[in-house]
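Q: Based on what follows, work out the 3D shape:
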Amino acid sequence: MDQIYVDTLKAVMVYQWELDAAMLEVERISRHNTILYLVIAALVAGAIVAAYYMGRRHNRRLNAEKFANRILSRQAENLPVLANEINKISGKTVKLSGMLYDELQDAINKAKAGSKSGIVEVVNDAEFVKMYPFIKEMDFLSPQEKLVLILTEEEYPLSEIALYTGASEATVRAVKSRIRNKLMQSGSISAQNNKLKIFKKKTL
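A: Now for the predicted structure:
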(Lines give C-alpha, C1' and ligand atoms only; values in the text may rest on other atoms or scores of the structure.)
Protein backbone atom coordinates (compact mmCIF):
# COMPACT_ATOMS: atom_id res chain seq x y z
CA MET A 1 0.00 0.00 0.00
CA ASP A 2 2.80 2.40 0.93
CA GLN A 3 4.59 1.56 -2.31
CA ILE A 4 1.45 2.38 -4.30
CA TYR A 5 1.17 5.72 -2.45
CA VAL A 6 4.82 6.52 -3.13
CA ASP A 7 4.48 5.61 -6.81
CA THR A 8 1.31 7.68 -7.10
CA LEU A 9 2.96 10.64 -5.38
CA LYS A 10 5.94 10.39 -7.73
CA ALA A 11 3.61 10.30 -10.72
CA VAL A 12 1.74 13.36 -9.41
CA MET A 13 5.02 15.21 -8.83
CA VAL A 14 6.26 14.37 -12.32
CA TYR A 15 2.93 15.51 -13.78
CA GLN A 16 3.08 18.70 -11.70
CA TRP A 17 6.64 19.36 -12.90
CA GLU A 18 5.64 18.77 -16.52
CA LEU A 19 2.59 21.00 -16.06
CA ASP A 20 4.73 23.78 -14.55
CA ALA A 21 7.23 23.41 -17.38
CA ALA A 22 4.41 23.57 -19.91
CA MET A 23 2.98 26.70 -18.25
CA LEU A 24 6.42 28.33 -18.28
CA GLU A 25 6.76 27.51 -21.98
CA VAL A 26 3.31 28.94 -22.69
CA GLU A 27 4.23 32.08 -20.74
CA ARG A 28 7.53 32.35 -22.62
CA ILE A 29 5.80 31.95 -25.98
CA SER A 30 3.13 34.45 -24.95
CA ARG A 31 5.82 36.94 -23.91
CA HIS A 32 7.68 36.44 -27.18
CA ASN A 33 4.45 36.86 -29.12
CA THR A 34 3.73 40.08 -27.25
CA ILE A 35 7.21 41.37 -28.10
CA LEU A 36 6.74 40.24 -31.70
CA TYR A 37 3.38 42.03 -31.91
CA LEU A 38 4.96 45.18 -30.46
CA VAL A 39 7.84 45.01 -32.94
CA ILE A 40 5.42 44.48 -35.84
CA ALA A 41 3.22 47.34 -34.60
CA ALA A 42 6.28 49.60 -34.32
CA LEU A 43 7.42 48.66 -37.83
CA VAL A 44 3.96 49.28 -39.26
CA ALA A 45 3.70 52.61 -37.42
CA GLY A 46 7.17 53.57 -38.64
CA ALA A 47 6.26 52.66 -42.21
CA ILE A 48 3.06 54.72 -42.00
CA VAL A 49 4.90 57.73 -40.58
CA ALA A 50 7.66 57.41 -43.20
CA ALA A 51 5.09 57.13 -46.00
CA TYR A 52 3.25 60.17 -44.63
CA TYR A 53 6.35 62.36 -44.53
CA MET A 54 7.57 61.07 -47.89
CA GLY A 55 4.16 61.89 -49.33
CA ARG A 56 4.25 65.37 -47.82
CA ARG A 57 7.78 65.91 -49.10
CA HIS A 58 6.76 64.72 -52.58
CA ASN A 59 3.71 67.01 -52.59
CA ARG A 60 5.79 69.98 -51.41
CA ARG A 61 8.29 69.31 -54.19
CA LEU A 62 5.49 69.15 -56.76
CA ASN A 63 4.01 72.40 -55.46
CA ALA A 64 7.41 74.09 -55.49
CA GLU A 65 7.91 72.96 -59.09
CA LYS A 66 4.49 74.33 -59.97
CA PHE A 67 5.46 77.79 -58.72
CA ALA A 68 8.86 77.55 -60.42
CA ASN A 69 7.19 76.61 -63.70
CA ARG A 70 4.92 79.65 -63.41
CA ILE A 71 8.01 81.83 -63.22
CA LEU A 72 9.55 80.08 -66.23
CA SER A 73 6.31 80.64 -68.16
CA ARG A 74 6.49 84.36 -67.41
CA GLN A 75 10.11 84.42 -68.56
CA ALA A 76 9.16 82.54 -71.74
CA GLU A 77 6.45 85.13 -72.45
CA ASN A 78 9.12 87.84 -72.41
CA LEU A 79 11.42 86.10 -74.91
CA PRO A 80 9.39 86.85 -78.09
CA VAL A 81 9.14 90.51 -77.05
CA LEU A 82 12.90 90.66 -76.48
CA ALA A 83 13.62 88.88 -79.78
CA ASN A 84 11.32 91.28 -81.63
CA GLU A 85 13.05 94.31 -80.10
CA ILE A 86 16.47 92.93 -81.04
CA ASN A 87 15.31 92.30 -84.62
CA LYS A 88 14.09 95.87 -84.86
CA ILE A 89 17.41 97.18 -83.64
CA SER A 90 19.47 94.89 -85.90
CA GLY A 91 17.40 95.95 -88.92
CA LYS A 92 18.28 99.60 -88.52
CA THR A 93 21.08 101.32 -90.40
CA VAL A 94 24.02 101.68 -88.06
CA LYS A 95 24.32 105.39 -87.35
CA LEU A 96 25.43 105.68 -83.80
CA SER A 97 26.57 102.51 -82.05
CA GLY A 98 25.91 104.13 -78.67
CA MET A 99 22.27 104.76 -79.53
CA LEU A 100 21.79 101.16 -80.70
CA TYR A 101 23.43 99.89 -77.53
CA ASP A 102 21.02 101.97 -75.44
CA GLU A 103 18.03 100.55 -77.33
CA LEU A 104 19.32 97.00 -76.89
CA GLN A 105 19.92 97.55 -73.19
CA ASP A 106 16.42 99.00 -72.85
CA ALA A 107 14.95 95.86 -74.46
CA ILE A 108 16.93 93.63 -72.10
CA ASN A 109 15.82 95.69 -69.10
CA LYS A 110 12.18 95.31 -70.15
CA ALA A 111 12.61 91.52 -70.31
CA LYS A 112 14.22 91.51 -66.86
CA ALA A 113 11.39 93.64 -65.48
CA GLY A 114 8.87 91.13 -66.81
CA SER A 115 10.77 88.30 -65.13
CA LYS A 116 10.87 90.20 -61.82
CA SER A 117 7.13 90.85 -61.95
CA GLY A 118 6.62 87.08 -62.34
CA ILE A 119 8.69 86.45 -59.20
CA VAL A 120 6.73 89.08 -57.26
CA GLU A 121 3.47 87.51 -58.40
CA VAL A 122 4.52 84.04 -57.20
CA VAL A 123 5.96 84.97 -53.79
CA ASN A 124 2.87 87.06 -52.99
CA ASP A 125 0.51 84.28 -54.08
CA ALA A 126 -1.78 83.17 -51.21
CA GLU A 127 -1.11 79.49 -51.91
CA PHE A 128 2.64 80.10 -51.87
CA VAL A 129 2.43 81.89 -48.51
CA LYS A 130 0.24 79.08 -47.14
CA MET A 131 2.86 76.50 -48.15
CA TYR A 132 5.70 78.50 -46.60
CA PRO A 133 4.10 80.47 -43.73
CA PHE A 134 7.46 81.41 -42.20
CA ILE A 135 8.09 83.63 -45.23
CA LYS A 136 5.56 86.10 -43.77
CA GLU A 137 8.08 86.94 -41.03
CA MET A 138 10.66 87.90 -43.64
CA ASP A 139 9.39 91.16 -45.08
CA PHE A 140 13.00 92.35 -44.97
CA LEU A 141 13.77 90.03 -47.91
CA SER A 142 13.16 91.09 -51.50
CA PRO A 143 10.90 88.92 -53.73
CA GLN A 144 13.99 87.49 -55.44
CA GLU A 145 15.59 86.69 -52.08
CA LYS A 146 12.40 84.99 -50.88
CA LEU A 147 12.29 82.82 -53.99
CA VAL A 148 15.98 81.87 -53.68
CA LEU A 149 15.42 81.01 -50.00
CA ILE A 150 12.45 78.73 -50.77
CA LEU A 151 14.14 77.01 -53.71
CA THR A 152 17.16 76.41 -51.47
CA GLU A 153 14.91 74.91 -48.78
CA GLU A 154 13.45 72.61 -51.45
CA GLU A 155 17.03 71.56 -52.32
CA TYR A 156 17.10 72.88 -55.87
CA PRO A 157 20.66 72.93 -57.29
CA LEU A 158 22.34 76.26 -57.91
CA SER A 159 21.98 75.95 -61.69
CA GLU A 160 18.19 75.53 -61.47
CA ILE A 161 17.80 78.41 -59.02
CA ALA A 162 19.74 80.58 -61.48
CA LEU A 163 17.38 79.46 -64.26
CA TYR A 164 14.21 80.21 -62.29
CA THR A 165 15.40 83.60 -61.08
CA GLY A 166 16.85 84.64 -64.43
CA ALA A 167 20.23 85.30 -62.84
CA SER A 168 23.74 83.88 -63.12
CA GLU A 169 25.03 81.29 -60.64
CA ALA A 170 27.44 83.89 -59.27
CA THR A 171 24.51 86.24 -58.65
CA VAL A 172 22.57 83.47 -56.89
CA ARG A 173 25.56 82.83 -54.60
CA ALA A 174 25.67 86.54 -53.78
CA VAL A 175 21.91 86.54 -53.11
CA LYS A 176 22.27 83.55 -50.76
CA SER A 177 25.03 85.32 -48.87
CA ARG A 178 22.86 88.43 -48.60
CA ILE A 179 19.92 86.34 -47.33
CA ARG A 180 22.05 84.73 -44.62
CA ASN A 181 23.30 88.12 -43.47
CA LYS A 182 19.78 89.56 -43.34
CA LEU A 183 18.43 86.54 -41.44
CA MET A 184 21.21 86.70 -38.85
CA GLN A 185 20.84 90.46 -38.44
CA SER A 186 17.07 90.19 -38.05
CA GLY A 187 17.25 87.35 -35.50
CA SER A 188 14.44 85.64 -37.40
CA ILE A 189 12.70 83.02 -35.23
CA SER A 190 12.16 80.74 -38.22
CA ALA A 191 15.81 80.91 -39.21
CA GLN A 192 16.82 79.80 -35.71
CA ASN A 193 14.12 77.20 -35.01
CA ASN A 194 13.62 75.67 -38.44
CA LYS A 195 17.37 75.36 -39.08
CA LEU A 196 17.07 76.66 -42.60
CA LYS A 197 19.14 74.81 -45.17
CA ILE A 198 20.52 78.04 -46.54
CA PHE A 199 22.90 78.07 -43.56
CA LYS A 200 24.36 74.68 -44.51
CA LYS A 201 27.64 74.63 -46.42
CA LYS A 202 26.40 72.36 -49.22
CA THR A 203 23.91 75.03 -50.32
CA LEU A 204 26.62 77.65 -50.91
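Q: Next secondary structure element downstream of whichever strand or helix holds Tyr164?
A: Per DSSP states H and E, Tyr164 falls inside helix 158-165. Note on helix 158-165: by DSSP H and E, the next helix or strand toward the C-terminus is helix 169-186.
Q: For Lys136, which non-adjacent residue is spatially closest?
A: Leaving aside its sequence neighbours, Lys136 sits nearest to Val129 (CB to CB, 6 or more residues apart in numbering; 6.2 Å). Heads up, the C-betas are built off the backbone N, CA and C, glycines and all.
Q: Is there a neighbour count for the one you found? I'd like the number.
A: 14 (other CB atoms under 10 Å).
Q: contacting residues around the helix holding Tyr164?
A: Here helix 158-165 makes contact (CB atoms under 8 Å, 6 or more residues apart in numbering) with 68, 71-72, 119, 144, 147-148, 151-152, 156, 168-169, 171-173, 175.
Q: I'd like to know which of the residues you listed are buried.
A: Among the contacts of helix 158-165, the ones that count as buried by 16 or more other CB atoms under 10 Å are Ala68, Ile71, Ile119, Gln144, Leu147, Val148, Leu151, Thr152, Tyr156, Val172, Arg173, Val175.
Q: Please list the members of those residues that lie in helices.
A: Under the assignment DSSP state H, the buried ones among the contacts of helix 158-165 contribute Ala68, Ile71, Ile119, Gln144, Leu147, Val148, Leu151, Thr152, Val172, Arg173, Val175 to helices.
Q: Save the residues you listed as a markdown table, and put in distance to Lys197 too.
A: Output for those, formatted as a markdown table (distance: CB to CB, whole Å):
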| residue | distance to Lys197 |
| --- | --- |
| Ala68 | 17 |
| Ile71 | 20 |
| Ile119 | 20 |
| Gln144 | 18 |
| Leu147 | 15 |
| Val148 | 12 |
| Leu151 | 10 |
| Thr152 | 6 |
| Val172 | 14 |
| Arg173 | 15 |
| Val175 | 15 |
